[in-house]
Each structure stands twice: as structure tokens, then as C-alpha cells.
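Colleague: A predicted structure for the sequence below; I have some questions about it.
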Amino acid sequence: MTLEEIARQLKKYKSAAIFCHMRPDGDTLGAAMGLKWLLESGGARCSVVCESPVPEKFFFLEGFREVGMAPSGAEEAYIAIDCSDVYRLGALGETFERAKKPKFNIDHHISNSRFGDFVYVEDCAATCEIVSLLAEYFDTPLSPTAADYLMTGLSSDTGNFAHQNVTERTFLCAARLMARGADIHRIQYNMFKKQSAARALLFGRTMSGIRYLLDGRFAVISISRRQMEECRATSDLTEGFIDFPLSVDGVEVAACLLETADERYKISLRSKGRADVNAVAATYGGGGHILASGCMLNGSLEEVIDKLRFTVSQYLET
């Protein structure tokens with residue numbers, strides 16, 4: 001389907017629930033809130049839901065405290081935003097999948113499984129980039145608040161416009177959002193500069209333990225639940241940690257291992273371009289993009305590191 005066709009279908013419904021993926025980031029939240037604004041500008045009633053609490057760092061934006069934990073069930077349509085597969089919805093995945101109502105899937109991950117009735121997937125910098133283009137098919141120009149939502153996702157999923165996924169169109173989208181009133185300075189401060197003492201402490205402890213494998217081309221950081229407890233930090237504060245080991249000269253692939261339960265780790269993978277980390281993540285049932293992907297792995301810390309070391313070595317160009 002084209003974006004114009006997606007817009008035409010969305011306009012048919014008077015109410016909708018917009019689903020964010022579990023452990024929400026700036027892109028899923030920004031795209032959801034931006035889409036909510038678009039649909040409500042046309043007279044629909046919308047809610048944004050997520051199985052996980054919204055991290056406090058997003059509360060500088062209007063409306064983020066009102067994101068719910070589940071839909072009412074009375075909505076006419078369900079929309080999954082920035083979700084590569086229905087399992088990324090976590091506990092809400094079954095709710096979404098079993099609903100006997102029109103289901104939309106709008107996403108930017110090349111690993112998207114194309115679930116739902118109305119699907120638009122495009123490999124680009126951020127789902128917020130897609131929603132900002134979708135806005136062109138609605139009658140009401142974006143408000144400064146809506147522009148802030150979309151700019152937040154655009155900037156967060158591109159590492160403040162520094163990642164290799166940034167294209168000319170990404171900057172054009174950002175320019176249009178600026179023209180609609182997006183406050184890029186406030187967004188960049190809250191998303192990339194402002195941090196708590198707990199995050200700073202956890203960051204320091206984590207980076208002091210970087211491990212270099214495969215002749216220094218693969219860097220691994222790990223964060224245990226005990227470390228987070230000692231630093232009085234929460235898992236959402238670890239967003240962005242992986243960018244530091246990837247910045248080390250000679251490192252081509254970086255992995256962040258976040259302990260979520262006994263012998264269970266959430267893996268975030270990043271590449272400078274010499275390895276397809278989407279393929280690495282897919283080996284373990286995950287996915288994302290060639291340069292940024294993720295998955296879940298079970299086992300002891302050393303077992304998980306060994307698995308990743310072997311798999312990364314298979315995809316790392318010599």
C-alpha cells in the first residue's frame with residue numbers, strides 16, 4: 001500500500017488505539033503521539049497504549065504521561081506503530097492479534113513480518129519520518145506540539161542525526177518539522193544531554209568493563225540487574241549506552257547485554273557497516289536494521305557472549 005492509501009483507510013474510522021512496542025523508545029512514542037494528533041485533527045478519538053511504562057525522560061513532552069497500558073476494546077481500529085512483529089507489542093500482542101477489527105502496521109524495520117490488514121513498511125531512518133510524510137495527506141497542518149512528537153522520534157532513532165541511516169529526505173522532514181514549530185534545542189537537551197546522577201554512575205561502571213573481542217573489532221558491554229540496583233537506575237536509563245563502545249577506534253560491531261531476568265539478556269547490536277547485525281539478530285529470532293538490531297538471548301553471561309562472538313564473526317567482513 002502507498003502512504004496515500006494508508007491515509008485514506010485511516011480516515012474511515014472514528015476511533016483507534018495506537019500500540020507502541022514494549023520498552024518504548026522515542027521513535028515508537030513520537031510516531032504514536034504524532035499519529036494520534038493527526039487522526040484527532042480529523043475528528044477521531046484516539047488512545048496510545050504500551051505494555052511498558054513510558055520512561056520519565058519523555059515527560060517534558062505534552063501528553064506522554066497519559067499513555068495507557070491497554071486499549072478499551074471499543075475502538076474501531078488498532079494500529080501498531082514502529083513494531084517489526086506482533087511479539088514486539090509484548091503482553092498486548094495477543095490483544096492486537098485476536099481483535100476482530102481492522103489492524104494497521106506502520107513501520108520502518110526491514111525485518112517487519114508484515115502482520116495486520118493494512119501494512120506500510122519502508123526502510124528509512126525512523127517511523128516518525130514515515131508519519132511526517134503521512135501528515136501531507138491530512139488537511140490540518142501539524143501543530144508545534146505534533147511537530148515536537150515527530151522530531152523527538154526522528155532525532156532519537158538517528159542518534160541526533162549522526163547515524164548512517166540519515167538521508168537527504170530525513171533532513172527535509174526535519175526542516176519541515178522545524179517550520180511547523182518543533183523545538184529542536186529543547187528536544188536535543190532532554191534526549192541527549194540531560195541525565196540523572198544514577199545514569200551517570202551506571203554509565204561509568206558499565207564502560208569501565210568494556211570487553212574487546214575478535215581482535216578488537218567487536219566490543220561488548222553488559223549491565224546486570226545488580227548494577228542497576230546499586231546505582232538506583234532503571235533499564236530505560238541505558239538507552240544510548242551502546243553508542244560509546246561503537247565509537248572506539250577499530251571497533252566495527254558493538255553489543256549491549258542488558259540482564260532482564262536470571263540468565264536472560266536483551267541484546268542491542270550496532271554496526272559501522274562491515275557487518276549486517278540484522279542478520280546476526282535474526283539468528284536468534286530478533287531483527288531490525290543492517291546497522292542497528294536487537295534480540296533476546298538465554299544463558300549465563302559468558303555463554304551469551306560466546307554465542308554473539310561466534311555469530312558476529314560469521315558476518316564481519318575481513
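Modeller: Received, thanks. Here the structure is a predicted model, which means the values were calculated and not measured.
Colleague: Name the nearest residue to residue 315, ignoring sequence neighbours.
Modeller: Of all residues not flanking residue 315 in the chain, residue 275 sits nearest, at 4.7 Å (CB to CB, 6 or more residues apart in numbering). Just so you know, the C-beta spots here come from the backbone N, C-alpha and C atoms, and that holds for glycine as well.
Colleague: number of nearby residues for the one you found?
Modeller: Residue 275 has 24 neighbours, counted by other CB atoms under 10 Å.
Colleague: Could you do residue 15 as well?
Modeller: The tally of other residues near residue 15 (other CB under 10 Å) stands at 16.
Colleague: Tell me who's in contact with it.
Modeller: Counting by CB atoms under 8 Å, 6 or more residues apart in numbering, residue 15 makes contact with 44, 45, 46, 74, 75, 76, 77.
Colleague: would JSON lines of these with pLDDT be doable?
Modeller: What follows is the contacts of residue 15, written out as JSON lines (pLDDT from 0 to 100):
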{"residue": "44", "pLDDT": "96"}
{"residue": "45", "pLDDT": "97"}
{"residue": "46", "pLDDT": "97"}
{"residue": "74", "pLDDT": "94"}
{"residue": "75", "pLDDT": "96"}
{"residue": "76", "pLDDT": "97"}
{"residue": "77", "pLDDT": "98"}
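Colleague: List the contacts of residue 192.
Modeller: By CB under 8 Å, 6+ apart, the contact list for residue 192 reads 155, 160, 240.
Colleague: if we go to 7 Å?
Modeller: Taking CB atoms under 7 Å, 6 or more residues apart in numbering, we find residue 192 in contact with residue 160.
Colleague: sorry, back to before: can you flag the buried ones in the contacts of residue 15?
Modeller: Buried members of the contacts of residue 15, scored by 16 or more other CB atoms under 10 Å, are 44, 46, 75, 77.
Colleague: The first one contacts residue 16, correct?
Modeller: Yes - with contact taken as CB atoms under 7 Å, residue 44 and residue 16 are classed as touching, separated by 6.2 Å.
Colleague: about what we covered before: quick check, nearest of the contacts of residue 15 to residue 181?
Modeller: Of all the contacts of residue 15, residue 46 has the smallest distance to residue 181: 21.1 Å, by CB to CB.
Colleague: ok, now how distant is that closest one from residue 273?
Modeller: When distance is defined by CB to CB, to the nearest Å, residue 46 is 38 Å away from residue 273.
Colleague: Next secondary structure element downstream of the worst-scoring helix or strand of the chain on mean pLDDT?
Modeller: Ranked by mean pLDDT, DSSP states H and E, the weakest helix or strand in the chain is strand 287-288, scoring a mean of 86. On the C-terminal side of strand 287-288, the closest following helix or strand by DSSP states H and E is strand 292-298.
Colleague: and that next one, how far out from the chain's middle?
Modeller: In this view, strand 292-298 has its centroid 13 Å away from the chain centroid, taken as CA atoms, centre = their mean, to the nearest Å.
Colleague: Send me it as PDB with only the CA atoms.
Modeller: Output of strand 292-298 as PDB, limited to C-alpha atoms (Å, rounded to 0.1, in the frame of the first residue of the first chain):
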ATOM      1  CA  ALA A 292      21.100  -1.500  14.300                       C
ATOM      2  CA  SER A 293      19.200  -4.500  15.600                       C
ATOM      3  CA  GLY A 294      18.300  -6.500  18.700                       C
ATOM      4  CA  CYS A 295      17.200  -9.800  20.100                       C
ATOM      5  CA  MET A 296      16.800 -11.800  23.300                       C
ATOM      6  CA  LEU A 297      19.300 -14.500  24.400                       C
ATOM      7  CA  ASN A 298      19.200 -17.000  27.300                       C
END
